[in-house]
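> 3D model of this:
(chains A and B)
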Amino acid sequence: NAGVTQTPKFQVLKTGQSMTLQCAQDMNHEYMSWYRQDPGMGLRLIHYSVGAGITDQGEVPNGYNVSRSTTEDFPLRLLSAAPSQTSVYFCASSYSGTRDEKLFFGSGTQLSVL
Amino acid sequence: GNSVTQMEGPVTLSEEAFLTINCTYTATGYPSLFWYVQYPGEGLQLLLKATKADDKGSNKGFEATYRKETTSFHLEKGSVQVSDSAVYFCALNSLGGSYIPTFGRGTSLIVHP
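Sure, this is the predicted structure:
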């Protein structure tokens, strides 16, 4: 079982560049989400989706876009990268996003913006 | 709103020492509570959970009890190993429109031989 797959694992960007962080899951999960992890800040939710065609903003959505055209994929787009977006990004999913469910996490993407 | 407060780290222990990592929460509604663990260079994975008051979650020698009266879910282990060195996150799921998990800031545990 592949679980939640994130690509790339590492990325270096220059300020102003755009890129897409990929996230795919093969567990038929309806709920998918993106977090960023910064030292001393824990995990902060960027965007989430409760099914194909449905997305919503989390705690820190500015500078990021998402779409959910299929159940399996949930890409995160950085429109114009800024040094403040240097972080480790995690994609996570669960079957239906209900109260008792755990999240399955990808292994993360370490992004540096110069 | 929902929030989770964890003790700040790092927590540094010798092998075979007793571990407690404190976690308290505030939540609208009746949450489920979780502990996740993050080993170096990896994503988070579930360590244990509890879904109702007085439930005890346990896994790999770790335990935590859902205490509704004190709104706490402290993580304990009787004898830690070097391999337990990781970052531990307390989290809750509670209804707020939809079930969006709320995480604490994480506590780093370092275990020395």
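> From here on, just use CA atoms for contacts and neighbour counts.
Noted.
> Just give me the residue closest to the centre of chain A.
A:W34 (2.8 Å; Cα atoms, centre = their mean).
> could you check whether the longest strand along chain A is close to chain B?
In chain A, with assignment by DSSP state E, the single longest strand is strand A:42-51. Yes - Strand A:42-51 lies within reach of chain B by Cα under 8 Å from any Cα of the partner chain, at A:G42, A:L43, A:R44.
> Just name the closest of the residues you listed to chain B, please.
A:G42 (3.7 Å; Cα to the nearest Cα).
> I'd like the secondary structure assignment at the residue in chain B that chain A sits nearest to, please.
Nearest residue of chain B to chain A: B:R105, at 3.7 Å (Cα to the nearest Cα). For B:R105, the secondary structure call by DSSP: H, G, I helix; E, B strand; the rest coil comes out as coil.
> Could you do B:G29 as well?
Quick answer, by three-state DSSP: B:G29 is coil.
> Just give the number of residues close to it.
Neighbour count of B:G29, defined by other Cα atoms under 10 Å in any protein chain shown: 12.
> What subset of the residues of strand A:42-51 next to chain B is buried?
A:L43, A:R44 (16 or more other Cα atoms under 10 Å in any protein chain shown).
> out of the residues of strand A:42-51 next to chain B, which one sits closest to B:L92?
A:L43 (12.7 Å; Cα to Cα).
> in what helix or strand does the residue nearest to the closest one when sequence neighbours are not counted lie?
Once flanking residues are discounted, A:L43 sits nearest to A:Q37: 4.8 Å by Cα to Cα, 6 or more residues apart in numbering or on different chains. For A:Q37, the element it lies in under DSSP states H and E is strand A:31-38.
> Am I right that A:L45 is in contact with A:R36?
Yes - using Cα atoms under 8 Å, A:L45 is in contact with A:R36, at 6.7 Å.
> Tell me how far B:A17 lies from B:L109.
12 Å (Cα to Cα, to the nearest Å).
> More neighbours: those two, which one.
When B:A17 and B:L109 are compared for neighbours, B:L109 comes out ahead with 20 against 14, by other Cα under 10 Å.
> partners of the more buried one in the sheet?
Applying DSSP bridges to B:L109 gives these bridge partners: B:V11, B:A86.
> Now do the strands in chain B.
Using DSSP E, the strands of chain B run over B:3-6, B:11-14, B:19-21, B:23-26, B:32-38, B:44-50, B:56-59, B:62-65, B:75-77, B:86-93, B:95-96, B:98-99, B:102-103, B:107-112.
> For chain B, which residues are neighbours of chain A?
Within chain B, the residues that sit near chain A (Cα under 8 Å from any Cα) are B:31-32, B:34, B:41-46, B:51, B:93-95, B:98-100, B:103-106.
> Filter those down to the buried ones and hand me the ChimeraX line.
A single ChimeraX command suffices to select whichever of the residues of chain B next to chain A are buried according to 16+ other Cα under 10 Å:
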select /B:31,32,34,43,44,45,46,51,93,94,95,99,100,103,104,105,106
